[in-house]
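Undergrad: 3D model of this:
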Amino acid sequence: MANVRSATVVIDPKGMVNGWSEGAQALFGWTPAEAVGQSATELLAVEVPSCDGFGRPGHIVTARTRLGAALDAELIPHPCVDGDSRCLGFLLVAPPVSCQSSSDEEIIRRTVDQAPFTCVIWDLDLLSRWTNIVTAESGHLEQQDELRGHPLDDAPLPRSMIESMTARLREVRRTGEPSRLVTFGQVRDEDHVRPWSISFWPVRDDNGRMCAIAHWGVDISAEYEARRRLMLLNEAGNAIGGTLDVEGTARELVRALVPGFADMAAVDLFSEVLLGEERSPGPFSGKVTLGRAAQRSTEEVATPVPRGSGTQPPPFHAYAPESPVALCLATGKPQVQLLSEPRPVHRYASGPGLAADPAHWPPGLPVIDDSIRQEGLHSRITVPLRARGTLLGVAQFSRRSHPEPFTADDLILAEDLAAKAAVALDNARLYLRERTTALTLQRSLLPRHLAGQAAVQVATRYLPADSRTGVGGDWFDVIPLSGGRVALVVGDVVGHGVRAAAAMGRLRTAVRTLAAVDLPPDELLTHLDDLVIHLYDSEEGAFPDDQTSVGDLGATCLYAVYDPVTRHCGLATAGHPLPVLVTPGSAATPVSGPVGPLLGLGGLPFVAEELELPPGSVLALFSDGLVESRGHDSDDGMTTLCRALEQPADSLEATCDAVLRALLDKGATDDVALLIARTRAFSPDQVATLDVPPDFAMVEQARKWTAQRLAEWDLTPLEFVLELVVSELVTNAIRYGAPPIQLRLIRDRTLICEVSDCSSTAPHLRRARLFDEGGRGLLPVAQLMQGWGTRHTPHGKSIWCEHALQPSP
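TA: Model (predicted):
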């Protein structure tokens, strides 16, 4: 008991208190500020000895505590005199009383009375018989026995708490069994409720009869807050990371913590993170600029934030070097701002637990900052968002209407959630980077703008099965050919994603290259098949890390060529579905014919089909993902496709939309490419033909005939150029070719000149030496015309060239 202090009180001759020690405060309850200046007799409710009584031995008296409780104490007076033995007052000392000298009943009474939990004894009429000190303090009572003889209804407690406690008291009285209740109530000098765990039990006499009911209540704020934080951590952890969108992940974080954890929350990220780019790991010093990815407050259910579509980027904020955000990024450590010092733990209440003790904050935290008052806040936490050693930005959590400021436990929760969110944000950033790369690849491989041509009117659709990445292996193309013809292509690489898209890009490039040679459809697919086999052989074993080749993936292709002069359409397919044809006034019908093998098998022939199409015919080319989608097989899909193509529509674009609605109402399970073309035919006045006998005298007649046609078409300014070109091409055909020879002029978007013969020998451009007599014929043709080339036909070849009818844009 050496560490137990004595209570000392200094009293002047008039009985007024002049001094009050810590021991007196501990014994009687009053603070020095409350006791000094008060009458000792009125304050302690004991007879204060006069100066004449100095020196009397101490004796046990019953004094009064601050809450009105009776307290037995031994009071020993000591006189205070000056040099002339005049009375200046006296010192009243109450030495500590050893518990060993007290009776067991006294120790038990003092233990329960001074216990750090509420305790009340009720009689069987549910009237209060006794309350301990904590009950009086926490229940806003002026005197400890203020409730004595009163029911619980008279206690200054919330109505809901009174009703629930009264129900439990009655239950214990009725059943004689203990009961437990968790409820909420306020504590003196606090404006918010605390959770309390209250236990009720019957008190029985020696005969086992119930004579009273007792209850005690413990503040479980620390346990309640710990459980609430654990639930919040679990709920937020499940909510964060559900999307691979950077700003969507940021919105998940603020949505999970407002209003349960904070009144306001915001996530600020570096621009590189928002764009899915790489960034340096940090830390960062000086002024920093961050983009507001998400924010949420209790007043605003969710503040609209741009989704970073590129047209409306998120708003950016610049933070000064001394700001909490800049300091957080510079040090990599959290920052906590409070309006005032944290309140110490109440002597009878556990909440919000040890975290409220300043000793449990990290070094240097919190920072007492009055500037947040201007924002209407009383506390704010700023935590860094770091993943894989790289700083991505910061998250800020603020409180203003929440009754309690943030605690050290709240900081731990904020850091845990920030760490989880940072990993999800970095995953979203990496996904965005990969998706951007894949989309860039996809856009570079698919035609962004179809080339201008007059043979067909087209409308296209492309729907990847993986709508999140937008990348697949299907493709389509429209390739202008010589003579006003056009090639229509649809292909399919089995699989999805970047590998399928890369393989698709190879095939599309190969088809365009072979189409430039003007090969017939069956020959083109044969060369394409050889190319796929070559790619497979060159890649086999070259990539040990499971790099899939085109041959492994499998690919199909449909290649069709339409000639608006003859209205013939030749097509061939390599394992790809044949198109659907709708002629004017007729029902939609799938084109019949043999389907060649898949690309890459080799050794099997491809067969071309020839169709004659009336003007205005509609040809629908598609990949199998359109007719073999979820909910129906290919036969049902073809029937639905034909029905959709037969429906009247304002345009081909509307027809495409109708087809997709009819076949993909439940979404695509495979990549889908759709190309719908409506054929056109050149009118007779757009095409002029001249048979040329193999006689050099016919060269002059060919020039005159050309001039007449140009005059009829109001193209006289081109007469000089075309006469020169026709002269060179006809001369070459007579000299090196084989009859019959034919000259043909086509007026389309360009002026096309073709000279055909039955020789398969193709001319080539060469540079003649100074004294050579020949070899210069094709050079002026290449210089004067927009383009030229050779097209092989079943009966020979055609040399063609074209001239623009209007300046190129």
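Undergrad: and this protein, what are its domains?
TA: Listed by automatic domain parsing, the domain ranges of the chain are 7-101, 104-219, 224-436, 449-679, 685-804.
Undergrad: Need these in CSV (columns: mean pLDDT and mean neighbour count).
TA: Any C-beta I mention is one placed from the backbone N, CA and C, and that applies to glycine too. Formatted as CSV, the domains of the chain follow (pLDDT from 0 to 100; neighbours: other C-beta atoms under 10 Å):
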stretch, mean pLDDT, mean neighbour count
domain 7-101, 75, 15
domain 104-219, 85, 16
domain 224-436, 83, 18
domain 449-679, 83, 19
domain 685-804, 82, 16
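Undergrad: same for whatever helix or strand L674 lives in, what does it pack against?
TA: Taking DSSP states H and E as the definition, one finds L674 inside strand 672-679. Applying 3 or more C-beta pairs under 8 Å, 6 or more residues apart in numbering; DSSP states H and E, one finds that strand 672-679 contacts strand 456-463, strand 472-480, strand 486-496, strand 618-622, helix 624-627, helix 652-663.
Undergrad: Looking at these, which is nearest to T407?
TA: In terms of C-beta to C-beta, the element of these nearest to T407 is strand 486-496, at 49.4 Å.
Undergrad: Going by contacts, tell me the helices and strands next to the helix or strand that contains V781.
TA: Assigned by DSSP H and E, V781 falls within helix 778-784. Judged by 3+ C-beta pairs under 8 Å, 6+ apart, the packing partners of helix 778-784 are helix 719-736, strand 787-793.
Undergrad: The longest one packs against which elements?
TA: When contacts are defined as 3+ C-beta pairs under 8 Å, 6+ apart, helix 719-736 sits against strand 687-692, helix 698-712, strand 741-747, strand 750-757, helix 778-784, strand 796-804.
Undergrad: From the contact counts, what lies against the helix ranked longest in the chain?
TA: With secondary structure taken from DSSP state H, the chain has its longest helix at helix 408-445. Packing contacts for helix 408-445, counted by 3+ C-beta pairs under 8 Å, 6+ apart, involve helix 221-239, helix 246-257, helix 271-275, strand 379-387, strand 390-399, helix 497-516.
Undergrad: Check the offset of the third one from the chain's centre.
TA: I take that to be helix 271-275. Offset of helix 271-275 from its chain centre (C-alpha atoms, centre = their mean, to the nearest Å): 13 Å.
Undergrad: Equivalent analysis for the fourth one, please.
TA: In this view, strand 379-387 has its centroid 19 Å away from the chain centroid, taken as C-alpha atoms, centre = their mean.
Undergrad: strands paired with that strand, and their directions?
TA: strand 335-338 (antiparallel), strand 390-399 (antiparallel) (DSSP bridges).
Undergrad: which one of the ones you listed lies closest to A677?
TA: Proximity to A677, assessed across the strands paired with strand 379-387 by C-beta to C-beta, is greatest for strand 390-399 (48.8 Å).
Undergrad: Next, the angle from that closest one to helix 408-445.
TA: Per axes from the mean of the first three to the mean of the last three C-alpha atoms, to 10 degrees, the angle that strand 390-399 makes with helix 408-445 is 130 degrees.
Undergrad: and the angle from strand 390-399 to helix 246-257?
TA: Counting by the same axes, to 10 degrees, strand 390-399 lies at 30 degrees to helix 246-257.
Undergrad: still on that earlier bit, would you convert the strands paired with strand 379-387 into CSV that also reports distance to G637?
TA: Shown next, in CSV, are those (distance: least, C-beta to C-beta, whole Å):
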stretch, distance to G637
strand 335-338, 60
strand 390-399, 46
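Undergrad: Mind checking these for the one nearest to T166?
TA: Closest to T166 of those is strand 390-399 (C-beta to C-beta; 34.8 Å).
Undergrad: now the closest one: how far from the chain's centre is it?
TA: 16 Å.
Undergrad: repeat for stretch 215-222
TA: Offset of stretch 215-222 from its chain centre (C-alpha atoms, centre = their mean): 42 Å.
Undergrad: Can you tell me the SS state at the residue of the chain most remote from its centre?
TA: Going by C-alpha atoms, centre = their mean, the residue of the chain most distant from its centre is D84, 88.3 Å out. The local conformation at D84, judged by DSSP: H, G, I helix; E, B strand; the rest coil, is coil.
Undergrad: That one and W196, how far apart?
TA: Relative to W196, D84 is positioned 60 Å away (C-beta to C-beta, to the nearest Å).
Undergrad: go on, V607?
TA: In this view, V607 and W196 are 88 Å apart by C-beta to C-beta.
Undergrad: repeat for D125
TA: According to C-beta to C-beta, D125 stands 24 Å off from W196.
Undergrad: before we move on, what about R129?
TA: Between R129 and W196 the distance is 21 Å, computed by C-beta to C-beta.
Undergrad: Repeat that for E415.
TA: For E415, the distance to W196 (C-beta to C-beta) stands at 30 Å.
Undergrad: do the same with N234
TA: To W196, N234 is 25 Å away according to C-beta to C-beta.
Undergrad: repeat for P579
TA: Where W196 is concerned, P579 sits at a distance of 78 Å (C-beta to C-beta).
Undergrad: cool, L558 as well?
TA: L558 sits at a distance of 77 Å from W196 (criterion: C-beta to C-beta).
Undergrad: Where do the helices of the stretch 51-200 of the chain begin and end?
TA: Secondary structure of the stretch 51-200 of the chain (DSSP state H, counting those that start in this stretch): helices at 104-114, 133-138, 159-175.
Undergrad: between those, which gets nearest to I676?
TA: helix 159-175 (69.3 Å).
Undergrad: Now do the closest one: which elements does it pack against?
TA: Counting contacts by 3+ C-beta pairs under 8 Å, 6+ apart, helix 159-175 packs against strand 179-186, strand 193-204, strand 210-219.
Undergrad: of the ones you listed, which approaches L152 most closely?
TA: Proximity to L152 (C-beta to C-beta) singles out strand 210-219 among the helices and strands packed on helix 159-175, at 9.9 Å.
Undergrad: Check what contacts stretch 599-612 and list those residues.
TA: Under the criterion C-beta atoms under 8 Å, 6 or more residues apart in numbering, residues 507, 520-522, 525-526, 528-530, 532-533, 536, 550-551, 554-557, 567-575, 581, 591, 593-594, 596-597 lie in contact with stretch 599-612.
Undergrad: CA atoms only: put that stretch into CSV for me.
TA: In CSV, the C-alpha atoms belonging to stretch 599-612 read as follows (Å, rounded to 0.1, in the frame of the first residue of the first chain):
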residue,chain,number,x,y,z
LEU,A,599,-6.7,-23.2,-94.3
GLY,A,600,-3.5,-24.9,-93.4
LEU,A,601,-4.5,-28.5,-94.2
GLY,A,602,-2.9,-28.5,-97.7
GLY,A,603,-3.2,-30.9,-100.6
LEU,A,604,-6.9,-30.4,-101.2
PRO,A,605,-8.4,-28.2,-104.0
PHE,A,606,-10.6,-25.2,-103.7
VAL,A,607,-13.5,-24.9,-106.2
ALA,A,608,-14.8,-21.5,-107.5
GLU,A,609,-18.5,-20.9,-108.0
GLU,A,610,-19.9,-18.4,-110.6
LEU,A,611,-23.0,-16.4,-110.0
GLU,A,612,-24.8,-13.9,-112.2
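Undergrad: Sounds good, over and out.
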